[in-house]
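Participant: could you work out the structure for the sequence below:
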Amino acid sequence: MEAKFLSRSSIYKGDYDCLFRTPKNEMHSNLHYHDFYEIVVYLGNAGIFKINGKEYLIRRGDIALINMFDPHTLIYNKNTYYERFSISIDPNLLLSFNTAQSNLLDIFSKDSRNYPIFHVEGKCFDKYLRILEQYRDQKPAHGKDIFEKALIHQLASYLFSDCYDGIHFDNTDSRHVSMIAKLVDYINNHLSEDLSLGVLAQEVSYSEYYICRIFKKVTNYTLTNYIVEKRIAQAAHYLTGDMTINKAAEKVGFNNYSYFYKTFKRYMGMNPAEYKEQHTQANNN
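Facilitator: Presented below is the predicted three-dimensional model:
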């Protein structure tokens with residue numbers, strides 16, 4: 001099954017999101033990937049987690065580390081109640097947590113023996129539960145985002161301590177991820193504008209050949225295909241609301257409606273009108 005791109009705008013706004021999920025509000029998505037990092041703390045036996053072609057039976061105390069662009073999905077157990085705490089993190093925010101001594105990219109390395117699932121229990125699990133309790137119960141009236149980011153930062157420090165196994169991203173690899181984070185951020189904020197390779201190369205001060213090669217090397221996706229999928233995913237998000245098809249196409253950088261129509265149908269399996277009608281009916285029910 002081919003993985004579909006999941007737009008950040010359909011998950012969160014800003015540079016992070018935290019959410020408790022249960023079978024009642026679980027995401028109904030097939031194999032997908034996204035351009036942000038994700039950490040999931042499982043508080044129950046949730047089902048089967050698939051990532052990069054492998055399957056993991058999830059139990060309470062498992063923590064999933066999901067890298068950018070890694071295809072994954074949760075086949076959740078509909079007959080069992082569970083909770084999972086999902087943290088979506090913009091790559092630039094994750095990189096901002098790094099220090100000279102601690103590089104969080106290390107725990108998202110596919111070479112790490114703790115990636116993508118590791119298990120904690122007892123006192124080790126308790127410290128994560130205390131953070132989740134603070135998130136759930138002790139939100140301040142003002143400065144909520146500061147409070148939540150502090151909790152994410154603390155949780156990230158625990159993850160690094162528990163998961164780090166000596167596999168270290170060197171400075172070159174870190175620069176590659178940083179460059180990709182800048183590209184992703186620029187693309188996210190300029191979907192309606194010119195996103196030619198020349199413009200992107202100038203934005204990060206590298207050659208067109210270099211940014212395409214590194215993007216493909218790190219993500220396994222081509223940069224041009226990512227831009228198209230990002231635009232289509234964002235257009236699909238707009239079409240779930242009141243926006244017209246022409247306006248949605250324009251806002252994501254398609255000036256040729258015929259090309260938008262064909263591209264949307266190729267990626268979404270139906271044309272924009274059918275997609276909008278389907279979601280209009282769902283919203284009315």
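Participant: rest of the way, CA atoms for contacts and neighbours
Facilitator: OK.
Participant: what does the model give residue 49 for pLDDT?
Facilitator: What the model reports for residue 49 is a pLDDT of 95.
Participant: over to residue 285?
Facilitator: 62.
Participant: ditto for residue 259
Facilitator: We have a pLDDT of 94 for residue 259.
Participant: pull the number of nearby residues for it.
Facilitator: 12 (other Cα atoms under 10 Å).
Participant: and the strand or helix carrying residue 178, what's its mean pLDDT?
Facilitator: Under the criterion of DSSP states H and E, residue 178 resides in helix 171-189. Regarding helix 171-189, the rounded mean pLDDT is 92.
Participant: taking helix 171-189 as reference, get the angle to the helix or strand just after it.
Facilitator: Sequence order places helix 197-204 as the next helix or strand after helix 171-189, per DSSP H and E. Using axes from the mean of the first three to the mean of the last three Cα atoms, to 10 degrees, the direction of helix 197-204 lies 120 degrees away from that of helix 171-189.
Participant: how far does helix 197-204 sit from the chain's center?
Facilitator: 23 Å (Cα atoms, centre = their mean, to the nearest Å).
Participant: same question for stretch 8-23.
Facilitator: Centroid separation for stretch 8-23 versus its chain: 9 Å, with Cα atoms, centre = their mean.
Participant: for the residue minimising distance to the centre of the chain, give me its contacts.
Facilitator: In the chain, the centroid-proximal residue (Cα atoms, centre = their mean) is residue 36; its distance is 3.4 Å. Residues counted as contacts of residue 36 (Cα atoms under 8 Å, 6 or more residues apart in numbering) are 8, 67, 68, 69, 88, 89, 90, 91.
Participant: do you have the strands of the stretch 51-200 of the chain handy? List them.
Facilitator: 54-58, 62-66, 72-76, 84-89, 117-119 (DSSP state E, counting those that start in this stretch).
Participant: most tightly surrounded among those?
Facilitator: Of the strands of the stretch 51-200 of the chain, the one with the most neighbours on average (mean count of other Cα atoms under 10 Å) is strand 62-66, at a mean of 23.
Participant: just the C-alphas of that strand, formatted as CSV.
Facilitator: This file holds the C-alpha atoms of strand 62-66, laid out as CSV (Å, rounded to 0.1, in the frame of the first residue of the first chain):
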residue,chain,number,x,y,z
ASP,A,62,5.4,1.5,24.8
ILE,A,63,6.7,4.8,23.3
ALA,A,64,6.8,5.3,19.6
LEU,A,65,9.3,7.6,17.9
ILE,A,66,8.2,8.6,14.4
